[in-house]
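Chemist: Predicted model follows, preceded by the sequence.
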Amino acid sequence: MKHKIAPLSFIGIGGWAYQRFEADSNLAGGPEHVNFGLSKDGEQLGISTAAGMLIDGIPFGPQAVGLSQGRLPDGTTNIVGFPGTASPGDPNYLLLTNVVVNEALSHSDPPFEDAIELLNLTASPVNLGGWYLSDAKHDLKKYQIPPGTSLPGNGFKVFYEYQLYDTNTGFGFSLNSARGDEIYLAQTTVADALTGYRAQVSFGAAENGVSFGRYVTSLGESHFVAMSQRTFGSDNPDTVEQFRTGTGLANSAPKVGPIVISEIMYHPPDIGGTNDDTLNEFIELRNITAINQPLHHPVFQTNAWKLMKGVSFPFSPATSIPANGFLLVVSFDPGNTTQSNAFRTRYNVPANTAIVGPWSGKLDNGGESVELYKPDAPQVAPDPDAGFVPYVLADKVDYSDAAPWPGADGDGQSLQRVRVSEYGNDPINWIAATPTAGTQGSSPDSDADGMDDAWEQSFFHTLARDGTGDFDGDGLTDLQEFQAGTDPTVASSLLRLSVVRMSPPMLQFDAVANKSYAVEYKNALNAASWTLLQAVPAGTARSVQISDPSSAPISRFYRVRTP
């Protein structure tokens, strides 16, 4: 017997029937710390009564780095791994591979109501009868899906608020639009026991009528973010009853703007080669609309926007960003004219670009999250949150100093957003380049044809081409060649995915320097979304070959994409 649990220690029941102990040999850390560690090579672990009678025990073998192991709550004694779903102090679980929560509406007024949309990622129907939907991980059995409910292959199923929540009994659940919420889909056995397999999403405060939806990044990660349009199937109804007729649709693109994070200088060259130069860090915000954008709520004008997470900064309600303009946020007080002038000189900041600060905190050289929030209308009585001001996530960038993020770590370059009108929290939409604080990052596009003027002049010696033509006749438009980074005057220079071997499939394309790519597939062209096969980080110009080792169906469709 190695460790005696402290007196008056208790464990809960049901969803709270879990107690976490830290195996770090650090008794000074508190009663939840034990006086031993666990061997990475494997050993035995058990729990006994005070009299020494064994209650339960398990042997475990050599451990993989970062992978927890344990039992699923399905009544079996099998020990399984939990890649990406470690849950210390909470019920063990694995993610469903065939069903996901695809869209949710949490802030609604008639003719809308709250809604949850599920998506089948496979071609085979899934029987959802007896499964549960919930908004609480410790109470997964809130709403039981009726027997016989089927989710068609590559199809959708929408559950509406009138189904999820009984206003007469209070049974079920509704979604919290002001503070955000979570959604869980829990699989069960025929005996109504939880298997431990589930789908889950979380989201923050929501604007009225704006849904959250599943968006798959170039890395294959699923982000649950605000959508540009609702896609439940009946999205412009006259009545709630009409809205309820929607049976689901593929998601729209993420909602972007009106203000975005467009440039991040998180690690200027060190002072003397060793000390962080925090005074020259900055975050650039850009107004991507053609009208002035005040950084306050349109009605409750004392409630202003703010930056959070990596650094914190509350904007003054008097701050605004002009049409198509910029705002720089810095670590120092811009009232310090000496420092402000030095900063403007260093980065050649235009005189009409405002600088605000100082922020609290520091941009981490290794990467972290930069988040921009805007205020929604305060909650009103009789809501129990009356007076509470929800803050809605307007933009977010989880940058990193490691691939596949572009390298901008201490070499004088900044991270710059490639397309400001597209989803920002994806490394495929960022490049590392010489800082352009307060100015457009790429070459100006004076004729608004989507192609930088400098690029057009370089290849065509004119700005007359509008992007729709195909100068070299290779099947790609001039605009597509600009986006792909290929030569629009040479027919052999193009982004094209070829199958060079059938079994197992081997795919090939020519990558250009400093471009990242994502190779994706569908098993049916009418499937709701593409699935990432492999991300290809930026590198030198080269031929890239990708193998699909899976046992593919009779047909599979592939594509390659790049910013």
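Modeler: Here it is on my side, so go on.
Chemist: which residues does residue 306 contact?
Modeler: 312, 313, 314, 315, 372, 373, 391 (CB atoms under 8 Å, 6 or more residues apart in numbering). Quick note: C-beta positions are derived from backbone N, CA and C, even for glycine.
Chemist: Generate a PyMOL selection restricted to the buried subset of the residues you listed.
Modeler: Only the buried members of these enter the following PyMOL selection, criterion being 16 or more other CB atoms under 10 Å:
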select buried, resi 313+315+372+373+391
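Chemist: In terms of distance to residue 217, which of the contacts of residue 306 ranks first?
Modeler: residue 372 (18.5 Å; CB to CB).
Chemist: if we can go back for a sec, next, format the contacts of residue 306 as a markdown table and append secondary structure, pLDDT and distance to residue 277.
Modeler: Shown next, in a markdown table, are the contacts of residue 306 (DSSP: H, G, I helix; E, B strand; the rest coil; pLDDT from 0 to 100; distance: CB to CB, whole Å):
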| residue | secondary structure | pLDDT | distance to residue 277 |
| --- | --- | --- | --- |
| 312 | strand | 98 | 20 |
| 313 | strand | 98 | 19 |
| 314 | strand | 98 | 25 |
| 315 | coil | 98 | 24 |
| 372 | strand | 99 | 24 |
| 373 | strand | 99 | 27 |
| 391 | strand | 98 | 31 |
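Chemist: Most widely separated two among the contacts of residue 306?
Modeler: Going by CB to CB, the pair spanning the contacts of residue 306 furthest: 313 and 391, at 13.4 Å.
Chemist: where along the stretch 351-500 of the chain do the helices fall?
Modeler: Secondary structure of the stretch 351-500 of the chain (DSSP state H, counting those that start in this stretch): helices at 453-460, 478-484.
Chemist: Least reliable of those by average pLDDT, please.
Modeler: Ranked by mean pLDDT, the helices of the stretch 351-500 of the chain bottom out at helix 453-460, with a mean of 81.
Chemist: What are the buried residues along the host helix or strand of residue 100?
Modeler: Take DSSP states H and E as the rule and residue 100 turns out to sit in strand 99-105. For strand 99-105, a neighbour-count test (16+ other CB under 10 Å) marks 99, 100, 101, 102, 103, 104, 105 as buried.
Chemist: quick one: the fifth one from residue 160, how far?
Modeler: When CB to CB, to the nearest Å is applied, the distance between residue 103 and residue 160 equals 12 Å.
Chemist: Need the overlap of contacts for the two.
Modeler: Joint contacts of residue 103 and residue 160 (CB under 8 Å, 6+ apart) are residue 115.
Chemist: got a pLDDT number for the residue lying closest to residue 106 once chain neighbours are set aside?
Modeler: Leaving out its chain neighbours, the residue that sits closest to residue 106 by CB to CB, 6 or more residues apart in numbering is residue 175, at 3.7 Å. With respect to pLDDT, residue 175 scores 96.
Chemist: so residue 175 makes contact with residue 113?
Modeler: No. Assessed by CB atoms under 8 Å, residue 175 is found out of contact with residue 113, at 10.2 Å.
Chemist: Between these two, point out the one with more neighbours.
Modeler: Neighbours of residue 175 and residue 113, each counted by other CB atoms under 10 Å, are more numerous for residue 175; the result is 23 against 18.
Chemist: follow-up on the earlier one: quick one: strands adjacent to the strand holding residue 100?
Modeler: Sheet pairing of strand 99-105 (DSSP bridges) gives strand 115-120 (antiparallel), strand 212-216 (antiparallel).
Chemist: give me the low-pLDDT residue ranges for the chain?
Modeler: By pLDDT under 70, the low-scoring segments of the chain are 1, 441-444, 446, 551-553, 563.
Chemist: what touches both of residue 175 and residue 113?
Modeler: Common neighbours of residue 175 and residue 113, using CB under 8 Å, 6+ apart, are residue 105.
Chemist: Could you give me the buried positions within the biggest helix by length in the chain?
Modeler: When the chain is parsed with DSSP state H, its longest helix is helix 337-347. By 16+ other CB under 10 Å, the buried positions in helix 337-347 come out as 339, 340, 343, 344, 347.
Chemist: ok, which pair from the residues you listed is furthest apart?
Modeler: Pairwise distances across the buried residues of helix 337-347 (CB to CB) peak at 12.7 Å, for the pair 339 and 347.
Chemist: If you drop the residues flanking it in sequence, what lies closest to the spatially most central residue of the chain?
Modeler: Nearest residue to the geometric centre of the chain (CA atoms, centre = their mean): residue 223, 3.2 Å. Counting by CB to CB, 6+ apart, residue 223 lies nearest to residue 215, which is 5.0 Å off, once chain neighbours are set aside.
Chemist: Please name the residues that touch the one you found.
Modeler: 222, 223, 224, 225, 251, 253, 254, 423.
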